[in-house]
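Participant: Attaching a predicted model along with its sequence, questions to come.
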Amino acid sequence: MHAPLFWRRLARDRWAMVGLILVIALVALAAAAPWLARGDPLRGALADSVHPPSRAFLFGTDVQGRDVFARVLFGARLSLSVGLVSQTIACALGLALGLVAGYAGRWVDAGVMRLADVTLAFPSLLLLIAIAAAVRPSLPLVFVVIGVVGWAGMARLVRGQVLVVRALEYVQAARALGASDARIIARHLLPNVLAPVVVAATLGIGGAIMAEAALSFVGLGAQPPTPSWGAMVADGRDLLRVAPWVSLFPGVAIGLTVLGVNLLGDGLRDALDVRAR
């Protein structure tokens, strides 16, 4: 699809534009966090701990006197990093295994798909918790675990696309002319599967952010005092009656981020759909 046509289709989708604006705003806020944050996200600013939202502290402070607004801003950096890095890992594994399985077929296809079936058979959150609990929690571990758990769905998607494309006449002609398997995969198969992979990866970023928040909520993700939206929600769960802002603002940040990414992903799917008029 030509780029101008793609952008026209995307621009006509109002909800996709809303998602794009939310994502751009999140990226801008995360990038400008050191300049926008008035307080230190790691150290308490007040001796009396919990303080309601005010001109000095826009989102109030938590039980340790830390500026919630600053922690939300720096937490955006962590969430974006988790989403991007984990989906890069999932895409790399899923794309490679899906291409090989779909093109090679036979026992290679059967082996990769059975491994994907085993991975998908376990609830994702429980599998994440089990893996994260088996070793010492850390941010690199969160990146890798979320990415590894997400490869199976990507591989099945890529494999399905490859099965369709490899039967097309120009692929068969390239094989008859003696083109190597690597050349066929790189020149003919890979370009045809990139569009659905981009859409799936965009939608997967929202899921990765939710997964990181869930792991941090139960103490298996980012460790204190690192600002994490999930951990911030957990810190304020016992203060909902007296200091709801401690959990409210990071919870709203999670919701808006996932909403923006999903709206953008839906828009990309529609804009890249060659069957759309």
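Facilitator: Received, thanks. Nothing here was measured: the structure is a model prediction, and the numbers come from that model. Residues are numbered from 1 along each chain as shown.

Participant: middle-most residue in this protein, spatially?
Facilitator: Nearest to the geometric centre of the chain sits residue 205, at 1.6 Å (C-alpha atoms, centre = their mean).

Participant: hang on, that one is in a helix, isn't it?
Facilitator: Yes. Counting by DSSP: H, G, I helix; E, B strand; the rest coil, residue 205 is found in a helix.

Participant: Which residue, other than its chain neighbours, is closest to it?
Facilitator: residue 83 (3.8 Å; C-beta to C-beta, 6 or more residues apart in numbering). Any C-beta I mention is one placed from the backbone N, CA and C, and that applies to glycine too.

Participant: buried residues in the helix or strand hosting the one you found?
Facilitator: Using DSSP states H and E, residue 83 sits in helix 68-104. Within helix 68-104, the residues that count as buried by 16 or more other C-beta atoms under 10 Å are 68-80, 82-83, 85-87, 89-91, 93-103.

Participant: any idea of the mean pLDDT in that helix?
Facilitator: Throughout helix 68-104, pLDDT has a mean value of 91.

Participant: what element comes up after that helix heading to the C-terminus?
Facilitator: helix 106-121.

Participant: How about the next helix or strand after that following helix, which residues are buried there?
Facilitator: Using DSSP H and E, the helix or strand that directly follows helix 106-121 along the chain is helix 124-134. Residues 124, 127, 128, 129, 131, 132 are the ones in helix 124-134 that count as buried (16+ other C-beta under 10 Å).

Participant: Need the contact partners of helix 124-134.
Facilitator: For helix 124-134, the external contacting residues (C-beta atoms under 8 Å, 6 or more residues apart in numbering) are 119, 141-142, 145-146, 148-150, 211, 214-215, 218, 220-221.

Participant: and what of stretch 11-30?
Facilitator: Residues outside stretch 11-30 that contact it (C-beta under 8 Å, 6+ apart): 10, 36, 73, 76-77, 80, 256-257, 259-268, 270-271.

Participant: what's the answer for stretch 150-160, then?
Facilitator: 86-87, 89-91, 93-95, 97-99, 101-102, 109, 112-113, 115-117, 119-120, 124, 193, 196-197, 200-201, 204, 207-208.
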